[in-house]
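**Q** Dropping a prediction and its sequence here:
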Protein chains: 2
Amino acid sequence: MNSNDLLKSHGLRVTAQRSLIINIFQDFGYAVSNKDILDKLPKDFDRVTLYRTLKSFEDKGLLHVIPDPEGEAKYALCNHDHTHAHGHDHSHAHFKCTQCHKVICLPDHHEPQVKIPSGYTLDKVIALATGTCDQCS
Amino acid sequence: MNSNDLLKSHGLRVTAQRSLIINIFQDFGYAVSNKDILDKLPKDFDRVTLYRTLKSFEDKGLLHVIPDPEGEAKYALCNHDHTHAHGHDHSHAHFKCTQCHKVICLPDHHEPQVKIPSGYTLDKVIALATGTCDQCS
DNA sequence: CTGTGTGCAAACACTTTGCAGGTGT
DNA sequence: ACACCTGCAAAGTGTTTGCACACAG
């Protein structure tokens, strides 16, 4: 989907800055940090706009945040259609390659499994796996 | 184990500030953020000392860091003996209760499982599960 | 036209660094 | 005695807020 349609379908206005940011996400193809994006943006791009843009993208479910144990949080576009009626909060797993440091979002059928003690109920699981990706092994 | 022995056994010097911080961790009994600790410390406690203390505790393996998707990173004492010869980096799962917001560190036999695509090799997995704990359900 | 988005400046919050003096072993 | 730890000040970095103007719908 192109950037304009992505924006419209999430109830966001189409502006040059937003399209730019979406294109950068798509070019990367994997999860990136705030800084990664800023580096690809024209050097006079306003930092505040980036903060606000990422926040509204997140609010509207256009992207999601991946916490990274050793490093800053990463953002990724939600291509896998999060429009289930019952909320956008299903389990998710991400994979970080220790060689190339890329973070990818694993497909939904690779949902993480965790056993929890009795008396507890499980809602969702967010997992970050590390290892070597197919390119680097 | 008392705070002094914990410090000594990790090659750290025993000081009033460090014992204080360890006691706070033990009082909480679950994973807490930098701010949680600071709030329990005397109001004139130096923030810089806390930063440095947490860092050296982490370096020495006395505590570990839990990334939190919605919130700041949390720290937890490593009671389950991380002194395997082959590094402290095994998989770990943590559980955050959506009611009371406590974060606990799940026992080692609850290691998270993730299936990864072929061509990839898996090193370790860090998982954060959310749901309801036994106290809140 | 109206509400949203942008850019700038400034405020704010968080973290790190340098250094002098204090403390544990 | 020596290395490590602490506290203060200051610098550095990252993030948020307020406001005036621009722009998409």
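**A** Structure received. Numbers count the residues shown, from 1 in each chain, chains lettered A, B, ... in the order given.

**Q** And the helices in chain A?
**A** Using DSSP state H, the helices found in chain A span residues A:3-9, A:16-28, A:34-40, A:47-59.

**Q** list the contacts for the closest residue to residue A:6 other than its chain neighbours?
**A** In this structure, residue A:6 finds its nearest non-sequential neighbour in residue A:22, 6.0 Å apart by Cβ to Cβ, 6 or more residues apart in numbering or on different chains. In this view, the C-beta of every residue, glycine as well, is placed from N, C-alpha and C. Listed by Cβ atoms under 8 Å, 6 or more residues apart in numbering or on different chains, the contact set of residue A:22 reads A:3, A:6, A:7, A:77.

**Q** how deep is the last one tucked in, by neighbour count?
**A** A count of neighbours around residue A:77, defined by other Cβ atoms under 10 Å in any protein chain shown, yields 19.

**Q** Okay, and the beta partners of it?
**A** For residue A:77, the beta-bridge partners under DSSP bridges are residue A:63.

**Q** list the buried ones in stretch A:128-137?
**A** A:128, A:129, A:130, A:131, A:132, A:133 (16 or more other Cβ atoms under 10 Å in any protein chain shown).

**Q** actually stretch A:39-46, sorry about that
**A** Neighbour counts using 16+ other Cβ under 10 Å place A:40, A:41 of stretch A:39-46 among the buried residues.

**Q** Now do the end-to-end distance for that stretch.
**A** End-to-end span of stretch A:39-46 (Cα to Cα, to the nearest Å): 12 Å.

**Q** So which residue is dead centre in chain A?
**A** residue A:76 (1.8 Å; Cα atoms, centre = their mean).

**Q** Just give the nearest non-adjacent residue to that residue, would you?
**A** For residue A:76, ignoring the flanking residues on the chain, the nearest one in space by Cβ to Cβ, 6+ apart is residue A:31 at 4.0 Å.

**Q** same thing with residue A:9?
**A** residue A:1 (7.7 Å).
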